[in-house]
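Colleague: Got a predicted structure here, sequence first:
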Amino acid sequence: MSDAEPERPLLVGINHVALEVGDIADALEFYGDLFAFELRSRSETKAFLDMGDQFIALAETEADGRDDQRHFGLVVDDADAAERRLEDCGVERLDAPGLEFHDPWGNRVQLVEYSEIQFTKADHVLEGMGLDGLEKTDRAIAELEEKGLAPEESN
């Protein structure tokens, strides 16, 4: 057995926040009264509020307490390392696409890889974090370009 510390993924940032609301129309009116935002999309029970390269997800529910809609998304530099770490620590993953789990207190956590999403860090921040080699997928770059947010040389 090795004494070396196990590989752990580095937290990079927050992708989005999901909130439960009683009624989507009422929630959009409330948040619209407070803030200016672009409505990314909306269905009868969900709405997504753009915040540049991040967003808030609103989900309508009648349930009280723990549920499967309320969660937060964390950005990691390496999803494969995160997956291995969850397994090494005996954390049970949820039956959902991607990397999702509940912490011991019932908080639902979703992990996403930096390269796969439109969330970006400034070059100098990435360099300062020792992450200057991170790159974006073509899909993530296209999402940024569509909003006019892609830098000349995308990370």
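Modeller: Nice, I can see it.

Colleague: For this protein, which segments count as helices?
Modeller: In the chain, the helices defined using DSSP state H lie at 24-34, 79-88, 123-128, 138-146.

Colleague: Packing partners of the second one?
Modeller: Counting by 3 or more CB pairs under 8 Å, 6 or more residues apart in numbering; DSSP states H and E, the packing neighbours recorded for helix 79-88 are strand 99-102, strand 108-113. All C-beta spots, glycine's among them, are computed from the backbone N, C-alpha and C.

Colleague: and if we set it to 10 Å?
Modeller: Applying 3 or more CB pairs under 10 Å, 6 or more residues apart in numbering; DSSP states H and E, we find helix 79-88 packed against strand 71-76, strand 99-102, strand 108-113.

Colleague: Output the first one as PDB, nothing but the C-alphas.
Modeller: Coordinates of the C-alpha atoms in strand 71-76 are reproduced here as PDB (Å, rounded to 0.1, in the frame of the first residue of the first chain):
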ATOM      1  CA  HIS A  71     -29.200  20.600  -5.700                       C
ATOM      2  CA  PHE A  72     -26.100  22.600  -6.500                       C
ATOM      3  CA  GLY A  73     -23.600  22.000  -9.200                       C
ATOM      4  CA  LEU A  74     -19.900  22.100  -8.600                       C
ATOM      5  CA  VAL A  75     -17.300  22.500 -11.300                       C
ATOM      6  CA  VAL A  76     -14.300  20.200 -11.200                       C
END
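
Colleague: how distant is that strand from the center of its chain?
Modeller: In terms of CA atoms, centre = their mean, to the nearest Å, the centre of strand 71-76 is found 4 Å from the chain centre.
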